[in-house]
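>>> Just a sequence and a predicted model for now, questions to come.
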Amino acid sequence: PGLASRFDHTLDFPDYSDAELFDILQWMVLENEYHLSPGARSKLRRTIASWPRGRSFGNARQVRRLFNDVIAEQAAWLVENGLATGEVLRLIRGPHVPSVPERERTPETVAPAGYL
């Protein structure tokens, strides 16, 4: 509040929709030369839809965190299974997406559910 009072004008940017956040995630996946399996695609959509939109919601920052978590999980899976070559290195599957517990979105909820 003290900082905000020092500015005469503020800009309010509405949160991205779930579809827009998923589009941002898909762009990150393609930009980094990965591919999503149908299972990963579905689970990622559910994860994004589960995010509460409180005051601290990070929009694309949340997507970046999710992407990094998924890539870390996929890398750990590759190491565990001794896989180091082939198309599997670029495929993100459903099990690589952290699970999200079912939670109702409320304005009072400010922390993302599940994977953080």
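That came in fine, so what should we check first?

>>> Strands along the protein, start to end?
Per DSSP state E, the chain carries strands over the ranges 35-36, 91-92.

>>> which one of those is the most hemmed in?
Of the strands of the chain, the one with the most neighbours on average (mean count of other Cβ atoms under 10 Å) is strand 91-92, at a mean of 20. For glycine as for every other residue, the C-beta is placed from the backbone atoms N, C-alpha and C.

>>> on that earlier part again, possible to save the strands of the chain as a markdown table with distance to Leu83 and mean pLDDT?
Listed next are the strands of the chain as a markdown table, based on distance: least, Cβ to Cβ, whole Å; pLDDT from 0 to 100:
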| stretch | distance to Leu83 | mean pLDDT |
| --- | --- | --- |
| strand 35-36 | 15 | 96 |
| strand 91-92 | 10 | 95 |
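
>>> Same list, these, but as CSV with distance to Ile71 please.
As requested, the strands of the chain are arranged in CSV below (distance: least, Cβ to Cβ, whole Å):
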stretch, distance to Ile71
strand 35-36, 12
strand 91-92, 8
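
>>> Remind me what the lengthiest helix in the chain packs against, helices and strands.
Assignment by DSSP state H gives helix 60-80 as the longest helix of the chain. Judged by 3 or more Cβ pairs under 8 Å, 6 or more residues apart in numbering; DSSP states H and E, the packing partners of helix 60-80 are helix 18-31, helix 38-50, strand 91-92.
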